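Asker: here's a sequence, model it:
(4 chains)
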Number of protein chains: 4
Amino acid sequence: MNAEFDQVREKVTKSFLKQTIKSTIGATIESIEPGEVTIKMPFKEGLSQQDGFIHAGVITTIVDSACGYAAMTLMPDDARVLTIEFKSNFASPAIGDFFIASGKIVKSGKTIMIASGDVYTYKNSEEIDDSNEVINHVINKDEGKLVSLMQASMMVLNP
Amino acid sequence: MNAEFDQVREKVTKSFLKQTIKSTIGATIESIEPGEVTIKMPFKEGLSQQDGFIHAGVITTIVDSACGYAAMTLMPDDARVLTIEFKSNFASPAIGDFFIASGKIVKSGKTIMIASGDVYTYKNSEEIDDSNEVINHVINKDEGKLVSLMQASMMVLNP
Amino acid sequence: MNAEFDQVREKVTKSFLKQTIKSTIGATIESIEPGEVTIKMPFKEGLSQQDGFIHAGVITTIVDSACGYAAMTLMPDDARVLTIEFKSNFASPAIGDFFIASGKIVKSGKTIMIASGDVYTYKNSEEIDDSNEVINHVINKDEGKLVSLMQASMMVLNP
Amino acid sequence: MNAEFDQVREKVTKSFLKQTIKSTIGATIESIEPGEVTIKMPFKEGLSQQDGFIHAGVITTIVDSACGYAAMTLMPDDARVLTIEFKSNFASPAIGDFFIASGKIVKSGKTIMIASGDVYTYKNSEEIDDSNEVINHVINKDEGKLVSLMQASMMVLNP
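Answerer: This is a model prediction of the structure:
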């Protein structure tokens, strides 16, 4: 994007760094585009439910953040974002090496934004090439597996 | 309840202890009744979003667990529970001293159970009595404040 | 209630009469209380899905209206109501003689209201008394059967 | 598709024709593909809420049907489909000349299928060409406007 959008990226990044939950679960921002944000989280001990899968609430944490920050990219400079509500369906157990949550704004209103989110799980595919280096495959949705699908409403909070 | 339900309580408790997320967020089971389970979580550092409130996903973690275990109390001995989907509305910021999440089964089918959940926040009200002891008030919904409302579908997984 | 609430009742009734869908499906308002509205609909030909049950969308129509008007009872005089979103679970097939949809506001904010709704189905229980008159039983939730459960967000539209 | 899928198309069409609601609201099937079904409905008197828009419940009726039949295309021959639950967000008022509801299966399980649905509204754009014929523009999502977004769970009912 342009210089203007760099300010938006900075605002989103700054806000994300204020989240203390991000460190607890190991989440990092992968990308910030207009109306679309992705967040990455590795599989980690201490986040599982009774069967050893990452708890549905933790999966929801990263996709809610992705949807909220996707909304923030389309808001006025001084506005804050608030999750009004979300709904998540769960498609597969949250196992794997890492998770990518995407949030995308499908309708941007003055007060309410509608977001679509999803979480895919990936395995680290390692390939040893001729020179013996280990290379992780580039993340590719076609290689991932759908874990969860979200539909959410975000609110624009003007100061 | 009776001796039979004691076994159900034991099954639920055992399952909950297998969750590693419960320790990370400090959640404990408050009560287990037929079709209804409550979970308590204190306000804790490391669980907040950018404004200092407990992240919506963490609030969702405890109420999803409450709804899932409420479903488990009505299932056959050897069945496991799976969250198909949930939807949460957020009524107030998740601040306060502790949170109580309740899950209640409103329709118990052979394969699918419908659960209603809520999370209330409470302040520790301290009273210094004559003998100078600090006593926490008994938890009372009328003194709490609604944080979140959940509607969920739980699936019965027979072996 | 008091005289002031009579104006609210009138506003809600007037608005409901403007709905053309209400006649198509045979819906009528049963009661209007502060934060709570109930709507009745008989089983009727022309509203069914492929198995002969009333279509889930029609059941949703009456409970959405009940939730929306429940919200309207708590709004300023000149405000309109808008459904932001709803989520419905379906507990039993929509068969029976008539349906009662209830909408209740569980959180009333300045801009957003959270509503809980449900739809129960009833059979006309007929009793022939000594004087040979047919009397329908009074509607009683304990005699009805849960068809659908809704959780919704309503928006206050100020002029 | 192939001859086998023609049978699926026939099954879906037959089931849709059993719906009595389809005639009441004027809905017709537009297309049936594996895991994806679209339904068309014209703007019609008798389906509106208080502001003259098509009632949210009617919009939900067509997109629920689209999602349900999308699920049916992926089911065994003798299976029936049941809506467990759906969640709809509303993006714009349901006005316009006609509506197209699409339902698409994003996860196809043995028992549960997750569907994504949307409803777009269109205006009849008329163009009078040299030969004086009136031609409706081909339907094009880029020309339509998002009315509603659905996320739903469909159940496979084996006999």
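
Asker: alpha carbons only for contacts and neighbour counts from here, please
Answerer: OK.

Asker: can I get the CA coordinates of the helix or strand harbouring A:Lys22 in CSV?
Answerer: Here A:Lys22 sits within helix A:21-25, counting by DSSP states H and E. Presented in CSV, the C-alpha positions along helix A:21-25 are these (Å, rounded to 0.1, in the frame of the first residue of the first chain):
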residue,chain,number,x,y,z
ILE,A,21,-3.1,-12.6,25.8
LYS,A,22,-1.0,-12.6,22.6
SER,A,23,2.2,-13.6,24.5
THR,A,24,0.4,-16.2,26.6
ILE,A,25,-0.8,-18.0,23.5
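
Asker: need the single longest strand in chain A, by residues.
Answerer: In chain A, taking DSSP state E as the definition, the longest strand is strand A:145-157.

Asker: okay, the angle between that strand and strand D:145-157?
Answerer: Calculated by axes from the mean of the first three to the mean of the last three CA atoms, to 10 degrees, strand A:145-157 forms an angle of 140 degrees with strand D:145-157.

Asker: does any part of the helix holding A:Lys22 sit near chain B?
Answerer: Yes - judged by CA under 8 Å from any CA of the partner chain, helix A:21-25 comes into contact with chain B through A:Ile21, A:Ser23, A:Thr24.

Asker: and A:Lys104, how close does it get to A:Phe86?
Answerer: Using CA to CA, to the nearest Å, A:Lys104 is found at 13 Å from A:Phe86.

Asker: which one's more surrounded, the two?
Answerer: Under the criterion of other CA atoms under 10 Å in any protein chain shown, the comparison of A:Lys104 against A:Phe86 puts A:Phe86 first, with 26 against 23.

Asker: anything in the longest strand of chain A near chain D?
Answerer: Yes - remark: strand A:145-157 sits within contact range of chain D at A:Leu146, A:Gln151, A:Ser153, by CA under 8 Å from any CA.

Asker: number of residues surrounding the last one?
Answerer: What that stands for is A:Ser153. Neighbours around A:Ser153, by other CA under 10 Å: 27.

Asker: A:Gln49 touches B:Thr20, doesn't it?
Answerer: Yes - counting by CA atoms under 8 Å, A:Gln49 touches B:Thr20, with 6.4 Å between them.

Asker: when the two are compared, which one has more neighbours?
Answerer: Between A:Gln49 and B:Thr20, A:Gln49 has the larger neighbour count (other CA under 10 Å), namely 23 against 20.

Asker: check contacts around the nearest residue to that one once chain neighbours are set aside.
Answerer: Closest residue to A:Gln49 apart from its sequence neighbours, by CA to CA, 6 or more residues apart in numbering or on different chains: B:Gln19 at 4.2 Å. Shown in contact with B:Gln19 (CA atoms under 8 Å, 6 or more residues apart in numbering or on different chains): A:Leu47, A:Ser48, A:Gln49, A:Gln50, A:Asp51, A:Gly52.

Asker: what's the fifth one sitting at in phi/psi?
Answerer: In this case it means A:Asp51. phi -100, psi 0 (degrees, to the nearest 10).

Asker: what about it, distance to A:Ile95?
Answerer: A:Asp51 sits 10 Å away from A:Ile95 when distances are taken as CA to CA.

Asker: give me the more crowded residue out of these two.
Answerer: A:Ile95 (18 against 15).

Asker: the more buried one and A:Ala56 touch, don't they?
Answerer: No - contact criterion CA under 8 Å: A:Ile95 and A:Ala56 do not qualify, at 11.1 Å.

Asker: the helices in chain A, which residues?
Answerer: For chain A, helices defined by DSSP state H occupy the ranges A:3-18, A:21-25, A:56-72.

Asker: just the buried positions in the shortest one, please.
Answerer: To tie it back to what came earlier, the one meant is helix A:21-25. A:Ile21, A:Lys22, A:Thr24, A:Ile25 (16 or more other CA atoms under 10 Å in any protein chain shown).

Asker: kindly report the same for the first one.
Answerer: Burial within helix A:3-18, assessed by neighbour count using 16+ other CA under 10 Å, is assigned to A:Val8, A:Arg9, A:Lys11, A:Val12, A:Ser15, A:Phe16.

Asker: want to try JSON lines for the residues you listed, with distance to chain B and pLDDT as columns?
Answerer: Shown next, in JSON lines, are the buried residues of helix A:3-18 (distance: CA to the nearest CA, whole Å; pLDDT from 0 to 100):
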{"residue": "A:Val8", "distance to chain B": "16", "pLDDT": "97"}
{"residue": "A:Arg9", "distance to chain B": "15", "pLDDT": "97"}
{"residue": "A:Lys11", "distance to chain B": "12", "pLDDT": "97"}
{"residue": "A:Val12", "distance to chain B": "10", "pLDDT": "98"}
{"residue": "A:Ser15", "distance to chain B": "6", "pLDDT": "98"}
{"residue": "A:Phe16", "distance to chain B": "6", "pLDDT": "98"}
